[in-house]
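S.K.: Sequence first, predicted coordinates after that:
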Amino acid sequence: MNVEARSRPLLSLGVSCAIIVTAISISLRIGRGFLSQIPYQMLLSFGGVNAATIAKGEWWRLVTSQFVHVYPVHAVVNATAALLVGRQLERRHGAWTFVGVYLCAGIAGQATAILTSAELVATGASQAVMGISAALIILASYRLSNETAPAFGFIALSIALDLVFAHTVKLPHLAGLVAGVAFGLLLSVSRQR
């Protein structure tokens with residue numbers, strides 16, 4: 001294990017806090033209760049992304065949209081998963097691995113969302129958390145352990161909720177998962193050399 005991997009997992013804590021603070025700030029700003037749904041179109045003014053914003057050159061929204069959520073309670077679930085899974089990934093494999101996987105998987109998911117539905121305002125951290133979960137599982141050699149249980153649990157919960165509410169696994173979630181698998185495999189291969 002390298003020196004970076006032994007550091008305290010502060011980035012995953014920071015990401016989790018940013019998700020929660022963003023959810024609270026948006027709820028307070030628009031005057032809705034914390035349990036209320038926030039209309040997608042309103043989330044554009046808070047960093048959400050759609051095809052039109054990308055066409056205007058606002059690529060930064062592929063990152064900011066990962067902190068904006070339609071349901072503040074969903075933000076809490078994602079923040080909790082990002083913390084539980086992210087701290088394991090960050091502690092064992094370093095801060096740069098956590099950040100790299102989180103951003104790549106999140107961007108892959110948001111891009112998939114707007115490519116498959118141009119009008120959709122893409123938001124949420126589920127795609128990024130699917131990615132860090134998949135990467136952690138790959139890097140742990142697919143073993144179920146105390147370290148990987150939250151990752152397996154989040155993936156299972158996300159797929160179950162997709163099946164219940166959308167009757168299919170959402171493509172952005174799959175994109176985040178695939179990005180995490182790819183990142184995990186690349187790191188595994190590079191570390192075996």
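M.R.: Thanks, I have it.
S.K.: And the contacts of stretch 17-33?
M.R.: Here stretch 17-33 makes contact (CB atoms under 8 Å, 6 or more residues apart in numbering) with 34, 36, 38, 42-43, 46, 67-69, 72, 75-76, 78-79, 82, 125. To be clear about C-beta, it is placed using only N, CA and C from the backbone, and glycine gets the same treatment.
S.K.: what about Val178, which SS state?
M.R.: helix (DSSP: H, G, I helix; E, B strand; the rest coil).
S.K.: from what I can see it touches Thr112, true?
M.R.: No. Using CB atoms under 8 Å, Val178 makes no contact with Thr112, being 9.4 Å away.
S.K.: list the buried ones in the helix or strand bottoming out on mean pLDDT in the chain?
M.R.: Within the chain, no helix or strand scores below helix 40-43, which has a mean of 90 by mean pLDDT, DSSP states H and E. The neighbour-count check on helix 40-43 (16 or more other CB atoms under 10 Å) flags Tyr40, Met42, Leu43 as buried.
S.K.: any idea how far the first one lies from Gly48?
M.R.: Counting by CB to CB, to the nearest Å, the gap between Tyr40 and Gly48 amounts to 7 Å.
S.K.: And the second one, by the same measure?
M.R.: Noted for Met42: a distance of 8 Å to Gly48, by CB to CB.
S.K.: Apart from its chain neighbours, what residue comes closest to the spatially most central residue of the chain?
M.R.: By CA atoms, centre = their mean, the mean C-alpha position of the chain lies nearest to Ala128, the distance being 2.2 Å. Of all residues not flanking Ala128 in the chain, Gly106 sits nearest, at 3.3 Å (CB to CB, 6 or more residues apart in numbering).
S.K.: and the strand or helix carrying that neighbour, what other elements does it pack with?
M.R.: Here Gly106 is covered by helix 95-116, with elements defined by DSSP states H and E. For helix 95-116, the contact count by 3 or more CB pairs under 8 Å, 6 or more residues apart in numbering; DSSP states H and E identifies helix 10-30, helix 51-55, helix 61-64, helix 72-93, helix 126-139, helix 171-192 as packing neighbours.
S.K.: so which of the ones you listed gets nearest Val99?
M.R.: With CB to CB as the measure, helix 10-30 is the member of the helices and strands packed on helix 95-116 nearest Val99 (6.0 Å).
S.K.: What mean pLDDT does that closest one get?
M.R.: Averaged across helix 10-30, pLDDT comes to 94.
S.K.: same check, this time on stretch 62-81
M.R.: Mean pLDDT, stretch 62-81: 95.
S.K.: and the end-to-end length of it?
M.R.: 20 Å (CA to CA, to the nearest Å).
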